[in-house]
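A.B. asks: test case, fold it:
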Amino acid sequence: MNDPVARFDGSFSEPGTTATPWAETRQVLESAQLGWLTTVRADGRPHVTPLVAVWLDDALHFCTGPGEQKARNLQAHPEVALAIGASSWSDGLDVVVEGTARRVTDRALLERLAAAWATKWNGDWQYRVTDAGFGGEGGEAWVFAVAPAKVLAFGKGPYSQTGYRP
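C.D. replies: Numbers count the residues shown, from 1 in each chain. Take a look at the predicted model:
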């Protein structure tokens, strides 16, 4: 999403507002400490869980243990939405990324991602790259990439809505 097509939605925006610049939306994705991942269970019920994610190479990346509910859900339904933002009503920018989660197994990319996780959280998230993804204190973790099919940015104070497509 180097230069996505932006579509401003005035019907959900305050008068006088304009589309949120992609650079501002991308900054939220790059700097967010926590996001909420929505997956769908095999029986169709939604599953929402908080997690840490890294924006790298125009995709959001997250990891999960192979036995966790997220991993089981992704095997049946790889389509996801990941929401990032502030819990404030009147300021900030909330961003939702929609796309298909795909396993990351390329060691060179996994090495870069492990370094990004360690850097972003001041060393709190340390991963060792393995053939399956990451290894660490919590055990094995599969790594997924979500290349955005659609991104929504919701400005708060003033209120605005901007959609982006690759």
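A.B. asks: for the longest helix along the chain, packing partners?
C.D. replies: Longest helix of the chain, by residue count under DSSP state H: helix 107-120. Here helix 107-120 touches strand 54-56, strand 128-129, going by 3 or more C-beta pairs under 8 Å, 6 or more residues apart in numbering; DSSP states H and E. (Each C-beta comes from the backbone N, C-alpha and C, glycine too.)
A.B. asks: can you say which of those strands is packed in most?
C.D. replies: strand 54-56 (a mean of 21; mean count of other C-beta atoms under 10 Å).
A.B. asks: could you pull out the strands for the protein?
C.D. replies: For the chain, strands defined by DSSP state E occupy the ranges 5-8, 35-40, 46-51, 54-56, 59-64, 79-84, 92-103, 128-129, 134-136, 139-156, 160-165.
A.B. asks: what's the angle from the fifth one to helix 107-120?
C.D. replies: In this case it means strand 59-64. On the basis of axes from the mean of the first three to the mean of the last three C-alpha atoms, to 10 degrees, strand 59-64 is oriented at 80 degrees to helix 107-120.
A.B. asks: again with the longest one
C.D. replies: Using the same axes, to 10 degrees, the inter-axis angle of strand 139-156 relative to helix 107-120 is 60 degrees.
A.B. asks: next, the buried residues of strand 139-156.
C.D. replies: Across strand 139-156, burial judged by 16 or more other C-beta atoms under 10 Å covers 141-146, 148, 151-155.
A.B. asks: just to revisit the earlier point, ok, residues contacting the longest helix of the chain?
C.D. replies: 52, 54, 56-57, 61, 104, 125-129, 131, 133-134, 143 (C-beta atoms under 8 Å, 6 or more residues apart in numbering).
A.B. asks: what of stretch 23-32?
C.D. replies: 1, 53, 55, 60, 84-85, 93, 95, 97, 151, 153, 162, 164.
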